[in-house]
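1. heads up, no residue letters with this:
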């Protein structure tokens, strides 16, 4: 009778131990699932943090490059503007002949622009031509296109790039930056915008 009672007690203890092991295994599995979920969430957070750090570093580098570019120009030659997409060199110190050709001073100024572009390795460059509101819509559009193309070709030569590497477009009088009712305003609207878009990586 004592042995039967002892065997029954051991069986009960074994059943309890088996139950405890099963419960422990369930707890371990639950904890492992939670750990995996946290790893996924932390991995996403780490990736987002890394992306933000890289963007901040890229933006800081672009600001430094833009400051170096701005130092190349006097106030009556060009203004360097930064925004979220990149940098624009707003060139107002150029003079064009009737055929869109540049004078000697304009050629020297574009040499400075080429040096500024060189501060942004791997960046995409596009030239935008703009006029004031004097004259007909058609004449202004044509003049802006011819001038933008002349600047693009000159910069390609200065940077030793293949023809067509720098894009260009004319916008005529349609994108003024100030009033056209004064001589000073018209002079500012007659401009070339050199749009520089640094690589995203």
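-> That came in fine, so what should we check first? What you see is a predicted model; the values in this text were computed from it and never measured.

2. Count the neighbours of residue 37 for me.
-> 10 (other C-beta atoms under 10 Å). For every residue, glycine as well, the C-beta is placed using N, CA and C.

3. Residue 63 too?
-> 12.

4. Hmm, it is touching residue 84, no?
-> No. Assessed by C-beta atoms under 8 Å, residue 63 is found out of contact with residue 84, at 11.9 Å.

5. Can you tell me the closest non-neighbouring residue to the residue most central in space within the chain?
-> Nearest residue to the geometric centre of the chain (C-alpha atoms, centre = their mean): residue 85, 4.1 Å. Excluding its sequence neighbours, the residue lying closest to residue 85 (C-beta to C-beta, 6 or more residues apart in numbering) is residue 197, at 6.2 Å.

6. Show me where the protein has its strands.
-> 78-82, 87-91, 124-130, 167-170, 191-197 (DSSP state E).

7. Listing partners with orientation, what would you give for the third one?
-> Strand 124-130 sits in its sheet next to strand 167-170 (parallel), strand 191-197 (antiparallel), going by DSSP bridges.

8. now the angle from the longest one to strand 78-82?
-> What it means is strand 191-197. 40 degrees (axes from the mean of the first three to the mean of the last three C-alpha atoms, to 10 degrees).

9. For strand 191-197, which residues meet the burial criterion?
-> Neighbour-count burial for strand 191-197 flags 191, 192, 193, 194, 195, 196 (criterion: 16 or more other C-beta atoms under 10 Å).

10. pretty sure the second one contacts residue 95?
-> No. Counting by C-beta under 8 Å, residue 192 stays clear of residue 95, with 11.2 Å between them.

11. what is the residue lying closest to residue 63 once chain neighbours are set aside paired to in the beta sheet?
-> Leaving aside its chain neighbours, residue 63 sits nearest to residue 82 (6.3 Å; criterion: C-beta to C-beta, 6+ apart). Beta-bridge partners of residue 82, counted by DSSP bridges, are residue 87.

12. Run through the residues that contact residue 82.
-> 62, 63, 66, 88 (C-beta atoms under 8 Å, 6 or more residues apart in numbering).

13. before we move on, what about residue 148?
-> 127, 128, 129, 168, 169, 170, 192.

14. Of the buried residues of strand 191-197, just say which sits nearest to residue 108.
-> residue 192 (14.6 Å; C-beta to C-beta).

15. measure residue 187 to residue 145 for me?
-> 20 Å (C-beta to C-beta, to the nearest Å).

16. Neighbour count for those two, which is higher?
-> residue 145 (17 against 14).

17. and the nearest residue in space to the more buried one that is not next to it in sequence, how many neighbours?
-> Leaving aside its sequence neighbours, residue 145 sits nearest to residue 170 (C-beta to C-beta, 6+ apart; 3.2 Å). Counted with other C-beta under 10 Å, residues neighbouring residue 170 total 20.
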